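1. need a structure here:
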Amino acid sequence: MTETSANPNAIRRKLARLREFARRPGETGLDPAARGTASPFWVIVQKEFGDHMRSWRFGILIGIIALACIGSIYAAVTALKDGARSQDADTSFLFLQMFTASDGTLPAFSTFVSFLGPLMGIALGFDAINSERGKGTLGRLLSQPIYRDDFIRAKFTASLLLIAIVLFALGFLVMGLGLFAIGYPPTPEEAIRVVLFLVVGVIYVGFWLNLSMLLSIRFRQAATSALSGIALWIFFTVFYGMIAGIVDKATAPPETSALGILLRHANNMLLLNRLSPSYLFSETTGTLLTPGIRSLGPLTTEQVVGAIASPLPLGQSLLLCWPQLVGLLAATMICFGLSYALFMRQEVRSRA
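-> As a prediction, the model looks like this:
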């Protein structure tokens, strides 16, 4: 919740809408659709969505992300113009390169989403529950005709809807500017790949939103949940790769070892890296935005020799990154399940 949630008038308006829903004469027992009014779930979703849109926190965060994305677009256009002057430039799937290309000064758009997307999820969810508890509004809300599961699901739905709108708006902005820069529209396959990339981005940011909501339920103070979420984000983004590299160097077999031992070690290290959600996201987006990627694991010489150097169709790219996408979905669902179970078991007391 934002600073507007602390306004007593806003709280009274919310409670009045819920009372009106519960006390309509002659309509007891009908579902909300039959009564012609919104259910408490959608009332809370609309209120939370409006609070996020009017908050200074969201405005500052979306401004930083928009500026970073515009900078990545400029870097991609510069890289494509420089590559067009060379004779050996790759002109296949040129539209997708707007999301992956860079001139070296700024990261690509997909890298910015991987780096700044978790911050948006953490910012929208770190005080979702404990701020309500600290202000004393949680008990007052749950004393109305509203279920606990509707409350937490509405919190998550409103934030995830806002994340989806922001990511799709930025992605379509990149597509529009790329259309002006390149001069021809994307093919249907390229457009579908971009949409799938944005869907994966929403799932990835949704994982961090669920994780921050779990921390908001676990810790009473909003500052503690915010610092915990940022610490986990820094760990998986920066330090986890370093730790995996140290483990790789410490457990690496000699170069003269048998091929089976070397492959087993490479697969084990790949499995260790895939415990990080950012690594799963990078593999998934790399496969969707770069059709030339044909494998995400180690390949032997026998597998490489005789292979046709051609891009994969969309269906084969989806099959290749399907385990990573399922892993992201599973991590998101696990975090939401833990949040749901912990919130349903907590005691809620109303403060006068």
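
2. who touches Gly245 in this structure?
-> With contacts defined as CB atoms under 8 Å, 6 or more residues apart in numbering, Gly245 has no neighbours. (Each C-beta comes from the backbone N, C-alpha and C, glycine too.)

3. that one: which element?
-> Per DSSP states H and E, Gly245 falls inside helix 240-251.

4. determine the set of other helices and strands touching the next helix or strand after that helix.
-> Using DSSP H and E, the helix or strand that follows helix 240-251 in sequence is helix 259-273. Contact partners of helix 259-273 among helices and strands, from 3 or more CB pairs under 8 Å, 6 or more residues apart in numbering; DSSP states H and E: helix 240-251.

5. how far away from the center of its chain is the helix it packs on?
-> Taking CA atoms, centre = their mean, to the nearest Å, one finds helix 240-251 lying 26 Å from the centre of the chain it belongs to.

6. buried residues, that helix. List them.
-> Tyr240, Ala244 (16 or more other CB atoms under 10 Å).

7. pull the CA atoms of that helix into CSV?
-> Output of helix 240-251 as CSV, limited to C-alpha atoms (Å, rounded to 0.1, in the frame of the first residue of the first chain):
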residue,chain,number,x,y,z
TYR,A,240,25.7,-16.2,-7.2
GLY,A,241,27.6,-16.3,-10.4
MET,A,242,30.9,-15.7,-8.5
ILE,A,243,30.1,-18.5,-6.1
ALA,A,244,29.3,-20.8,-9.0
GLY,A,245,32.6,-19.9,-10.7
ILE,A,246,34.5,-20.7,-7.5
VAL,A,247,32.8,-24.1,-7.2
ASP,A,248,33.5,-24.8,-10.8
LYS,A,249,37.2,-24.1,-10.4
ALA,A,250,37.4,-26.1,-7.1
THR,A,251,35.7,-29.2,-8.5
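
8. quick check: chain neighbours aside, which residue is closest to Tyr204?
-> Closest residue in space to Tyr204, ignoring its immediate chain neighbours: Phe281 at 4.5 Å, by CB to CB, 6 or more residues apart in numbering.

9. which ones are touching the one you found?
-> Contacts of Phe281 by CB under 8 Å, 6+ apart are Ser114, Val200, Gly201, Tyr204, Gln324, Leu328.

10. quick check, the first one in contact with Pro277.
-> Translated: Ser114. No: under the criterion of CB atoms under 8 Å, Ser114 is not in contact with Pro277, lying 9.6 Å apart.

11. now the common contact residues for the two.
-> Tyr204.

12. ok, the two, which is more surrounded?
-> More neighbours surround Pro277 than the other of Ser114 and Pro277, with 25 against 21 (other CB atoms under 10 Å).

13. what sits against that one?
-> Pro277 touches Tyr204, Phe207, Trp208, Phe236, Leu328, Ala331, counting by CB under 8 Å, 6+ apart.

14. what score does Thr332 have for pLDDT?
-> At Thr332 the predicted local confidence, pLDDT, stands at 91.

15. against which helices or strands is the one helix or strand it maps to packed?
-> Assigning secondary structure by DSSP H and E places Thr332 in helix 314-345. Here helix 314-345 touches helix 148-182, helix 188-218, helix 277-289, going by 3+ CB pairs under 8 Å, 6+ apart.

16. now the shortest one - C-alpha only, CSV.
-> What follows is helix 277-289, C-alpha atoms only, in CSV (Å, rounded to 0.1, in the frame of the first residue of the first chain):
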residue,chain,number,x,y,z
PRO,A,277,16.1,-17.2,-11.4
SER,A,278,18.1,-14.6,-13.3
TYR,A,279,20.1,-17.4,-15.1
LEU,A,280,16.8,-19.1,-16.1
PHE,A,281,15.5,-15.9,-17.4
SER,A,282,18.6,-15.2,-19.5
GLU,A,283,18.5,-18.6,-21.0
THR,A,284,14.8,-18.3,-21.9
THR,A,285,15.0,-14.9,-23.4
GLY,A,286,18.2,-15.7,-25.2
THR,A,287,16.5,-18.7,-26.9
LEU,A,288,13.4,-16.7,-27.8
LEU,A,289,15.2,-13.6,-29.1
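
17. let me know the angle separating that helix from helix 240-251.
-> If you take axes from the mean of the first three to the mean of the last three CA atoms, to 10 degrees, helix 277-289 sits at 100 degrees to helix 240-251.

18. buried sites along stretch 332-343?
-> Quick answer for stretch 332-343 (16+ other CB under 10 Å): Thr332, Cys335, Phe336, Leu338, Ser339, Tyr340, Phe343.

19. of all those, which two lie farthest apart?
-> Thr332 and Phe343 (16.5 Å; CB to CB).

20. dead centre of this protein: give me the residue that sits there.
-> Val205 (1.4 Å; CA atoms, centre = their mean).

21. follow-up on the earlier one: go through the buried residues of stretch 332-343 and name the one nearest Val247.
-> Cys335 (25.1 Å).

22. OK, contacts around the closest one?
-> Phe207, Asn210, Leu211, Met213, Leu214.

23. one more time with 10 Å
-> The contact partners of Cys335, taken as CB atoms under 10 Å, 6 or more residues apart in numbering, are Gly206, Phe207, Trp208, Leu209, Asn210, Leu211, Ser212, Met213, Leu214, Leu215.

24. show the pLDDT at it.
-> 91.

25. what's the closest non-adjacent residue to it?
-> Asn210 (3.6 Å).

26. picking up where we left off before, okay but the residue nearest to the centre of the chain is in contact with Ile165, surely?
-> No: assessed by CB atoms under 10 Å, Val205 is found out of contact with Ile165, at 11.8 Å.
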